[in-house]
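Asks: Kindly return the folded structure for what I paste below:
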Amino acid sequence: MRSLRRSPTVVTLALILAVFVCQQVATTVGLGGLFALSNPLLARPWTLVTSVYAHGDVPHVLGNAAALALGGLLVERLTTRARFHAFFVAVGTLAGVAEVAVVGVVGPLVPWLPPGARVLGASGAILGLYGYLLGANRLTEWVVGGVELPPRVQLAAGVVLAAVITLLTASPNAALIAHFTGLLLGFLAGRGQLLSPTGSAEKRQPTVE
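Replies: Below is the predicted model:
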């Protein structure tokens, strides 16, 4: 029980559940929209964080919880609790900001896109965890490191890979820009072993191949 309480994945799942309950309460008094990230970004600055943990409905929560349970438990073995939480919030926030910013610019120019975006959900952050596993994976290290690709080529490969995975996992109402951003940021962080505590990168190499 103590180990579960110390698990950053379990703590994150608990936070997601707690925020979802708060959403339901807020919705009953007409304040459910206070959790979603939208333009202008600084009008409600708290949504930069709350939008990462908030969700639209029960299936949304359950789907992300299942994905987080799998990816989170793998990533937390490679890092510290503080780094895990900081990474989750940072990637989730940047993914949400990217979605809102891009849709805000492109939406008015494309007939089938909405002119604005309201983003909530942990998908971007969770895909960042999977991107990290992919970037820091021993197989990826062997392939990329073995051919000594220049940094720009590695970046281009990461962009292509994130785009392909995003399209393959696309679904109705999905925040594709946020998903792409989370995957790419996670992959780049994995390539740089960003979550590995100083001096222990070799000991904490991912074992998933």
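Asks: Show me what the longest helix along the chain is packed up against.
Replies: Assignment by DSSP state H gives helix 81-106 as the longest helix of the chain. Packing contacts for helix 81-106, counted by 3 or more C-beta pairs under 8 Å, 6 or more residues apart in numbering; DSSP states H and E, involve helix 8-28, helix 47-53, helix 123-136, helix 176-191. All C-beta spots, glycine's among them, are computed from the backbone N, C-alpha and C.
Asks: Please name whichever of the ones you listed is nearest to Ala95.
Replies: Taking C-beta to C-beta, helix 123-136 is the member of the helices and strands packed on helix 81-106 nearest to Ala95, at 2.6 Å.
Asks: what is the orientation angle of the closest one with helix 8-28?
Replies: Orientation of helix 123-136 against helix 8-28 (axes from the mean of the first three to the mean of the last three C-alpha atoms, to 10 degrees) gives an angle of 160 degrees.
Asks: pLDDT of the helix or strand hosting Val164, averaged?
Replies: Using DSSP states H and E, Val164 falls within helix 151-168. Mean per-residue pLDDT for helix 151-168: 77.
Asks: Export only the CA atoms of that helix, formatted as PDB.
Replies: C-alpha atoms of helix 151-168 as PDB (Å, rounded to 0.1, in the frame of the first residue of the first chain):
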ATOM      1  CA  PRO A 151      20.700  15.900 -34.700                       C
ATOM      2  CA  ARG A 152      18.600  17.500 -37.500                       C
ATOM      3  CA  VAL A 153      17.900  14.200 -39.100                       C
ATOM      4  CA  GLN A 154      17.000  12.700 -35.700                       C
ATOM      5  CA  LEU A 155      14.600  15.700 -35.200                       C
ATOM      6  CA  ALA A 156      13.000  15.200 -38.600                       C
ATOM      7  CA  ALA A 157      12.600  11.500 -37.900                       C
ATOM      8  CA  GLY A 158      10.900  12.300 -34.600                       C
ATOM      9  CA  VAL A 159       8.500  14.700 -36.300                       C
ATOM     10  CA  VAL A 160       7.600  12.100 -39.000                       C
ATOM     11  CA  LEU A 161       7.200   9.300 -36.400                       C
ATOM     12  CA  ALA A 162       5.000  11.500 -34.200                       C
ATOM     13  CA  ALA A 163       2.900  12.500 -37.100                       C
ATOM     14  CA  VAL A 164       2.400   8.900 -38.300                       C
ATOM     15  CA  ILE A 165       1.500   7.700 -34.800                       C
ATOM     16  CA  THR A 166      -0.900  10.700 -34.300                       C
ATOM     17  CA  LEU A 167      -2.700   9.900 -37.600                       C
ATOM     18  CA  LEU A 168      -2.900   6.200 -36.800                       C
END
